[in-house]
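**Q** mind looking at a prediction? Sequence and model below.
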Amino acid sequence: MLKAVSYRDFHLYYVLSGTVKVENDETVFDFDNGEMYTVNPSEIHTVDCRNGICADLSISYSRVLQLMGYQRKLIVCNTHIVKNDNTEELTKTVNKLLRVYYEPSDNLILEESLSLQLVWQLISHFSSNTFTYNEETRKKEIAAYIEANYVNELTLEEISDEFALTPQYFSKYFKAAFGTSFLKYLNGVRLQYAMEDLVSGNGTILKIAVNNGFPNVASFNREFREAVGMTPTEYRQTHKNPKQENRKEDILPFLQDEDEERHSSVREIRINAGAGKTEYNRFWNEILNVGSFEMMMKNHMIDQVTFLHDSLKFKRARLLLDTFMEDGRHHYYVSDTVMEYFVEHKMDVIITIDMNYIQDTEAFISYLRKQCLRFVNRFGDGIQKHTVFELVYNTVFNTESLKRYKNFYKQINKVLADCRLDSELMGPCVLIDETGENFRKFVRNNPDIKTFTIFSAPFAIHKKGTEVFLNRLTASGYLLEQFRTAQNVLNEEGRSDAAVLLTSWKDRLNDVDVLNETSYMGARIIRNVLSGYGLLSSLPLDKPLDLMFDEASYDKTFNLLPGIMTSQGVQKPSYHALRFLDQQDRYLVLASEDCLVTRAENPGFMQVLLHNCKRPGWRYYSSDTMENAKDYTPDLFEDDEPKLFRIMIEGLEEGKYLLKSRCISDEDGNAFARWMRMDYPDDSFIGHGERAYLRAASVVPLTGETCTVSGSGKLEITCTLKMNEFRHLHLIKANN
């Protein structure tokens with residue numbers, strides 16, 4: 001058994017054969033062949049390799065801090081729990097790095113390149129930012145800055161300026177917080193690293209001294225003798241152990257084969273025109289999030305909601321009940337007016353109650369009773385059979401919060417029953433983390449709930465001691481992972497009678513993001529629909545309209561917000577993606593990761609939807625924000641390669657066919673791209689004519705061609721999609 005006590009560096013353990021047991025934070029994992037686990041600095045852990053072979057990759061903490069701009073982060077990677085496209089790419093890099101290390105080669109540049117690639121992958125896809133800030137956090141930030149800069153001539157003036165303090169105040173604060181002076185602490189860090197180098201390396205005493213921030217051997221010897229009681233040379237002779245390395249013949253056979261050939265950019269799709277007997281499921285338009293009752297009264301909001309309802313046929317509207325006022329002056333007129341709109345437009349409604357905004361529970365219950373009676377008396381069957389309620393409480397559940405939710409749930413249920421509203425009460429709309437433990441606590445304590453609501457976002461919360469870290473999820477399948485985790489929790493808790501309903505999802509950590517305006521977001525929506533087909537029962541965008549933000553957020557023509565329409569009604573690529581999904585025929589023929597095929601009753605009428613959605617790369621994920629339109633460049637993605645689709649349809653009747661093609665890319669059907677090419681300095685140059693021009697630029701371009709099918713009944717269609725392009729093909733049998 002190897003006991004690793006690491007106070008300095010990150011460690012990545014990669015199991016090459018058998019089973020390796022890792023214990024960390026009183027949690028034990030049995031890792032199998034091909035699985036990985038990361039350990040952060042200061043985490044005491046044990047690794048038992050008696051039943052397996054494990055590679056230990058040590059990653060310099062100070063180097064990582066430098067690359068991250070001195071930000072403290074956790075590296076969280078446990079492929080025993082989570083496996084996705086990010087972990088697959090990380091595994092490839094680790095295999096390549098180990099192969100270069102163990103195979104005879106003088107290619108130090110390749111080894112350095114792969115090492116840097118490994119660090120960037122960990123930072124981009126597996127790191128967590130601190131979410132809380134207190135005095136302990138500040139101390140750790142100061143310690144992290146010293147760790148990242150200890151090899152330099154770091155002065156008191158420099159570090160105090162970094163933390164916006166005077167040198168005098170910083171010196172007093174440091175002594176009180178760390179129990180020693182800044183200089184002694186700095187030399188202590190330097191000595192710790194020097195001691196490791198003395199034991200593990202063969203460098204000269206001078207080289208070790210200089211590499212760890214000491215100006216010369218004399219000062220190094222003096223500090224070392226004072227701290228350790230012996231010279232560096234004596235310490236090396238006393239503590240140095242023979243270096244034990246795995247032989248390459250013990251390692252190389254277990255490494256995965258290198259994937260030298262690039263994946264083919266040609267995608268072949270074979271279709272039988274007569275296939276497909278199940279109806280196409282438009283689950284993505286099950287729910288339309290419209291914000292709240294008050295928000296629906298905003299200028300142009302009802303107009304845009306009406307447009308979405310008419311063009312995309314959304315079935316249910318979900319909105320927050322925000323007409324309750326603590327002072328008792330409730331906005332009944334607003335709630336009555338908005339509900340009347342949905343009744344007239346024959347849209348079912350999900351009324352959401354958010355516990356986070358309710359301080360006086362008794363007053364709210366009184367208000368809710370009056371409001372429900374008004375709804376029933378005013379709309380009768382128009383609300384009784386078409387409305388459900390949702391009690392939202394997005395929190396980290398503990399004993400107190402679970403008890404509060406359960407009691408409030410019972411009170412609301414009683415109000416609904418008393419008001420003759422036989423409506424289901426769902427909840428709690430929480431974000432699912434990687435293990436699902438927070439959701440599990442809620443399920444165990446709420447046996448009466450039949451529909452558990454969740455929302456999906458590309459981040460997860462991690463607690464480490466008193467600090468909370470926010471982990472950004474960059475894997476393309478994070479949404480399905482969170483949904484499956486919720487389903488697994490219900491199954492494990494014996495709740496086969498219950499269901500999971502996704503009530504909102506967002507694809508950005510920050511709402512303001514340049515990618516929201518590009519064809520990427522439309523291709524991303526299509527990819528999510530295709531990957532979730534047959535599993536998800538809904539896929540509602542968190543904020544489908546830019547108007548759902550504060551007025552100050554949309555004072556420009558393009559505000560980089562996540563809605564599918566701008567505040568001025570310009571349709572974005574994401575709207576066209578939903579439109580293409582809505583235009584599909586009745587029967588499903590094929591739903592794969594990049595292709596959707598449907599057909600009408602007549603097999604001569606078919607529709608095909610394709611996309612070439614790319615993954616954002618390290619350039620995107622290493623940037624804190626993308627709040628400037630000029631931030632958008634092709635190198636934000638892992639690659640910009642086009643994809644050739646070769647579609648072969650069989651079983652068609654002989655004769656002439658018309659093939660219509662509609663496509664959206666960053667060049668076509670994209671008003672934002674047209675706006676960027678105009679290169680106006682700001683929106684003050686936008687007049688009525690320019691606005692009309694940009695609306696016209698968002699019209700989907702259409703081409704057509706005539707095809708002939710011979711007696712063989714076969715037709716081959718080829719098309720090339722650019723980066724993040726998506727295309728809708730419509731095959732129509734011509735009248736002879």
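**A** Received it, and whenever you're ready, just let me know what you need. Being a predicted model, the structure only gives us computed values, none of them experimental.
**Q** run the chain-centre distance for stretch 354-371.
**A** Mean-position distance between stretch 354-371 and its chain equals 33 Å (Cα atoms, centre = their mean, to the nearest Å).
**Q** okay, and the beta partners of Leu545?
**A** Met565 (DSSP bridges).
**Q** who touches it in this structure?
**A** 290, 301, 304-305, 308, 563-565 (Cβ atoms under 8 Å, 6 or more residues apart in numbering). Placement of C-beta: from N, CA and C, glycine included.
**Q** which members of these are the farthest-apart pair?
**A** Taking Cβ to Cβ, the two most distant members of the contacts of Leu545 are Met301 and Ile564; they sit 14.2 Å apart.
**Q** more neighbours: those two, which one.
**A** Ile564 (25 against 18; other Cβ atoms under 10 Å).
**Q** measure the more buried one to Pro573 for me?
**A** To Pro573, Ile564 is 9 Å away according to Cβ to Cβ, to the nearest Å.
**Q** Asp448 belongs to a strand?
**A** No. Assignment of Asp448 by DSSP: H, G, I helix; E, B strand; the rest coil gives coil, placing it outside any strand.
**Q** in the stretch 601-736 of the chain, which spans are helices?
**A** 618-621, 671-678, 688-697 (DSSP state H, counting those that start in this stretch).
**Q** dump these to a markdown table, plus distance to Leu479, mean neighbour count and mean pLDDT.
**A** Shown next, in a markdown table, are these (distance: least, Cβ to Cβ, whole Å; neighbours: other Cβ atoms under 10 Å; pLDDT from 0 to 100):
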| stretch | distance to Leu479 | mean neighbour count | mean pLDDT |
| --- | --- | --- | --- |
| helix 618-621 | 17 | 18 | 81 |
| helix 671-678 | 24 | 18 | 89 |
| helix 688-697 | 30 | 14 | 86 |
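**Q** closest one to Glu103 among those?
**A** Nearest of the helices of the stretch 601-736 of the chain (Cβ to Cβ): helix 618-621, 26.2 Å.
**Q** what is the closest one packed up against?
**A** Counting contacts by 3 or more Cβ pairs under 8 Å, 6 or more residues apart in numbering; DSSP states H and E, helix 618-621 is packed against helix 108-126.
**Q** so for the helix it packs on, what's the average pLDDT?
**A** Helix 108-126 carries an average pLDDT of 83.
**Q** can you get me the start-to-end distance on stretch 291-299?
**A** 14 Å (Cα to Cα, to the nearest Å).
**Q** please disregard the earlier target; I meant stretch 508-518.
**A** Taking Cα to Cα, the first and last residues of stretch 508-518 lie 13 Å apart.
**Q** surely Leu530 touches Leu588?
**A** No. Using Cβ atoms under 8 Å, Leu530 is not in contact with Leu588; the gap is 11.3 Å.
**Q** anything in contact with each of those two?
**A** By Cβ under 8 Å, 6+ apart, no residue touches both Leu530 and Leu588.
**Q** burial of Phe295, as a residue count?
**A** One thing to correct before we go on: residue 295 is Met, not Phe. 19.
**Q** element containing it, please.
**A** Assigned by DSSP states H and E, Met295 belongs to helix 293-296.
**Q** between the contacts of Leu545, which is closest to Asn394?
**A** The nearest one, if we look at those relative to Asn394 and count by Cβ to Cβ, is Val290, at 18.6 Å.
**Q** ok, the closest one - how many residues close by?
**A** Around Val290 there are 28 residues (other Cβ under 10 Å).
**Q** Leu479 too?
**A** Residues near Leu479, counting by other Cβ under 10 Å, number 22.
**Q** what of Leu154?
**A** 20.
**Q** who's in contact with the spatially closest residue to Asn612 that is not a sequence neighbour?
**A** For Asn612, ignoring the flanking residues on the chain, the nearest one in space by Cβ to Cβ, 6 or more residues apart in numbering is Leu721 at 3.9 Å. Residues in contact with Leu721 (Cβ under 8 Å, 6+ apart) are 610-612, 642-643, 645, 663, 665, 727.
**Q** same thing but 7 Å
**A** By Cβ atoms under 7 Å, 6 or more residues apart in numbering, the residues touching Leu721 are 610, 612, 642-643, 645, 727.
**Q** for Pro573, same thing?
**A** 518-519, 521-522, 664, 669-670.
**Q** one more time with 6 Å
**A** 519, 522, 664, 670 (Cβ atoms under 6 Å, 6 or more residues apart in numbering).
**Q** against His462, how distant is it?
**A** Distance, Pro573 to His462, using Cβ to Cβ: 34 Å.
**Q** same deal with Asn445?
**A** Taking Cβ to Cβ, one finds Asn445 at 23 Å from His462.
**Q** burial measure for Ala523, as a count.
**A** Neighbour tally, Ala523, other Cβ under 10 Å: 26.
**Q** give me phi/psi at the residue lying closest to it once chain neighbours are set aside?
**A** Using Cβ to Cβ, 6+ apart and skipping residues adjacent in sequence, the residue nearest Ala523 is Cys613, 3.7 Å away. Phi and psi for Cys613, reported as degrees, to the nearest 10, are phi -70, psi 130.
**Q** what pLDDT does Cys613 get?
**A** 96.
**Q** only C-alpha atoms, please: export the helix holding Met295 in CSV.
**A** Extracted in CSV, the C-alpha atoms of helix 293-296 (Å, rounded to 0.1, in the frame of the first residue of the first chain):
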residue,chain,number,x,y,z
PHE,A,293,-47.5,37.2,-14.1
GLU,A,294,-45.9,40.7,-13.7
MET,A,295,-43.5,40.1,-16.5
MET,A,296,-46.3,39.1,-18.9
